[in-house]
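K.L.:
Give me a model of this one.
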Amino acid sequence: MADLFSDDTKPAAATTAHRPLADRLRPQTLGQVIGQQQVLGEDAPLGVMLASGSLSSLVFWGPPGVGKTTIARLLANETDLHFVQISAIFSGVPELRKVFEAARLRATNGQGTLLFVDEIHRFNKAQQDSFLPHMEDGTILLVGATTENPSFELNAAVLSRAQVLVLTRLDVGDLEKLAARAEAELERRLPLTVQARASLFEMADGDGRTLLNLIEQITAWKVSGDLDTEALTKRLMRRAAKYDKSGEEHYNLISALHKSVRGSDPDAALYWYSRMLEGGEDPRYLARRLLRMAVEDIALADPQAQTICLHAWETFERLGSPEGELALAQAVIYLALAPKSNAGYVAYKAARETARKSGSEPPPMHILNAPTKLMSEQGFGAGYAYDHDAEDGFSGQDYFPDTMKRPQFYQPVARGFERDLGKRVEYFAKLRAKRQEE
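P.N.:
This is a model prediction of the structure:
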């Protein structure tokens with residue numbers, strides 16, 4: 001991978017111009033790596049491990065093109081370990097046995113092995129378990145790479161024996177350094193305006209390898225003068241945003257949308273809503289999640305929010321795409337600007353918890369029906385006060401089990417319509433106390 005490079009060090013092999021630019025710019029030492037200082041810095045995990053001479057098994061978690069393979073290879077160089085690379089996509093049990101056996105022979109000759117496993121999350125549980133004895137006896141030092149959340153994809157036994165390091169997308173500053181490094185290697189500047197250069201970095205979307213591939217395309221063009229953004233985008237296809245409708249990015253973006261709505265930020269909410277649509281998300285899934293937000297985070301503070309969401313969903317079903325997405329977008333805006341309350345949600349959870357703990361306590365006798373003479377003789381329904389006949393239409397009777405102290409689950413917030421509901425709760429509480437005194 002050629003994604004992270006120093007902008008002042010030129011690889012010795014750069015003279016072979018026929019090699020892909022990404023390969024020609026591959027770092028030769030960790031000191032040449034651009035970015036990822038959160039793992040490579042002097043006080044960062046890898047910096048500390050290397051300084052102490054004690055490197056443990058690792059799992060690199062991050063998006064494509066941020067340096068996982070490169071850093072693994074350079075770690076082997078820095079620690080004098082034999083580097084072996086396999087991919088979980090193309091390897092099975094027979095290949096793993098050969099790798100382990102070769103590593104064991106190397107170990108008997110005093111040579112350690114750094115085994116780099118790309119896409120390690122694609123190995124099944126049994127295959128992942130096969131690494132454990134070889135990690136424990138020191139036959140291999142495992143460095144895995146994954147674009148998926150290790151918490152969900154890797155065995156707990158593997159995770160307990162390896163440190164997870166998070167590698168992040170390259171920022172604009174990193175991409176600029178990488179572009180400058182490429183220009184120095186090619187001995188020519190990119191024929192782009194300032195704005196087009198910024199657009200190029202957007203197209204790379206934090207992926208250094210993608211940036212170098214795009215630069216290689218641009219430098220092959222025969223152009224006179226600098227290309228502006230419009231000319232650049234006509235010649236290059238914008239890279240599709242990283243989005244997996246069933247993977248980690250799906251859950252990251254729906255979480256961002258939900259929290260933006262909860263945080264009353266319509267602009268951020270619309271952005272994440274649009275990001276999901278651009279990634280190919282099913283609008284019906286978004287409609288369902290918007291309805292959930294209305295129920296969970298707005299609720300009785302604005303009862304109309306649920307109706308807005310249901311109507312937007314129905315409008316989408318009738319109009320279809322792309323017009324129907326506008327109705328959902330308007331629901332996003334409404335939800336973001338609506339007053340927020342989770343009082344109903346909290347009350348519901350508290351009531352469910354109390355119901356679980358209270359077992360099979362029966363209702364009080366006075367609110368039980370007595371459809372037979374025997375039940376009436378047993379006292380079913382005796383003493384029940386019909387609220388419509390009571391003063392103010394409120395009897396103030398206790399409807400909880402006789403053995404239960406009256407709890408208060410619902411505590412409305414002083415926002416939106418729930419402010420009025422809070423006044424009603426307070427009114428009935430005072431009236432209930434008055435009836436009990438009478």
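K.L.:
who's in contact with the longest helix belonging to the chain?
P.N.:
Ranked by residue count under DSSP state H, the longest helix found in the chain is helix 418-437. With Cβ atoms under 8 Å, 6 or more residues apart in numbering as the test, helix 418-437 has contacts from 299-301, 339, 341, 343, 392, 394-397, 410-414. To be clear about C-beta, it is placed using only N, CA and C from the backbone, and glycine gets the same treatment.
K.L.:
How about stretch 79-86?
P.N.:
For stretch 79-86, the external contacting residues (Cβ under 8 Å, 6+ apart) are 50, 55, 69, 72-73, 75-77, 95-96, 99, 102-103, 106, 111-118, 141.
K.L.:
Output the host helix or strand of Arg292 as CSV, restricted to C-alpha atoms.
P.N.:
Using DSSP states H and E, the element containing Arg292 is helix 283-293. Provided in CSV are the C-alpha atoms of helix 283-293 (Å, rounded to 0.1, in the frame of the first residue of the first chain):
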residue,chain,number,x,y,z
PRO,A,283,-35.7,5.1,2.2
ARG,A,284,-38.2,2.8,3.8
TYR,A,285,-35.6,1.9,6.5
LEU,A,286,-35.0,5.6,7.1
ALA,A,287,-38.8,6.2,7.3
ARG,A,288,-39.1,3.6,10.0
ARG,A,289,-36.1,5.0,11.9
LEU,A,290,-37.6,8.5,11.7
LEU,A,291,-40.8,7.2,13.2
ARG,A,292,-38.8,5.6,16.0
MET,A,293,-37.1,8.9,16.7
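K.L.:
So for that helix, what gets flagged as buried?
P.N.:
Pro283, Leu286, Ala287, Arg289, Leu290, Leu291, Met293 (16 or more other Cβ atoms under 10 Å).
K.L.:
Repeat that for stretch 311-323.
P.N.:
For stretch 311-323, by 16+ other Cβ under 10 Å, it's Ala312, Trp313, Thr315, Phe316.
K.L.:
Can you tell me which of the residues you listed is closest to Ala22?
P.N.:
Nearest to Ala22 among those: Phe316, at 42.8 Å, using Cβ to Cβ.
K.L.:
neighbours around the closest residue to the closest one other than its chain neighbours, how many?
P.N.:
With sequence-adjacent residues excluded and distances taken as Cβ to Cβ, 6 or more residues apart in numbering, Phe316 is closest to Gly324, at 3.3 Å. Around Gly324 there are 20 other residues, counting by other Cβ atoms under 10 Å.
K.L.:
Over to Val99?
P.N.:
21.
K.L.:
For the stretch 251-400 of the chain, give me the ranges with low pLDDT.
P.N.:
Within the stretch 251-400 of the chain, no stretch has pLDDT under 70.
K.L.:
Spell out, range by range, the helices that occur in it.
P.N.:
Using DSSP state H, counting those that start in this stretch, the helices found in the stretch 251-400 of the chain span residues 266-278, 283-293, 304-319, 323-337, 343-357, 373-377.
K.L.:
ok, back up a step: so which of the buried residues of helix 283-293 comes closest to Phe380?
P.N.:
Of the buried residues of helix 283-293, the one sitting nearest to Phe380 (Cβ to Cβ) turns out to be Leu291, at 41.1 Å.
K.L.:
measure that closest one to Gly92 for me?
P.N.:
From Leu291 over to Gly92 the distance is 45 Å, taken as Cβ to Cβ, to the nearest Å.
K.L.:
try Lys340
P.N.:
For Lys340 relative to Gly92 (Cβ to Cβ), the value is 52 Å.
K.L.:
Settle it for me: which of these two has more neighbours?
P.N.:
Lys340 (23 against 11).
K.L.:
Which strands or helices does the helix holding Arg292 pack on?
P.N.:
Under the contact criterion of 3 or more Cβ pairs under 8 Å, 6 or more residues apart in numbering; DSSP states H and E, helix 283-293 touches helix 248-262, helix 266-278, helix 304-319, helix 323-337.
K.L.:
mind checking how far it is from the chain centre?
P.N.:
17 Å (Cα atoms, centre = their mean, to the nearest Å).
K.L.:
And stretch 62-71, by the same measure?
P.N.:
On Cα atoms, centre = their mean, the centre of stretch 62-71 falls 19 Å from that of its chain.
K.L.:
Okay, now it: how far is its last residue from its first?
P.N.:
12 Å (Cα to Cα, to the nearest Å).
K.L.:
didn't Leu25 look like it was pressed against Leu212?
P.N.:
Yes: at 6.6 Å, Leu25 counts as touching Leu212 under the criterion of Cβ atoms under 8 Å.
K.L.:
Pull the contacting residues for Thr168.
P.N.:
Gly35, Gln36, Gln38, Gly62, Pro63, Val66, Gly206 are the contacts of Thr168 under Cβ under 8 Å, 6+ apart.
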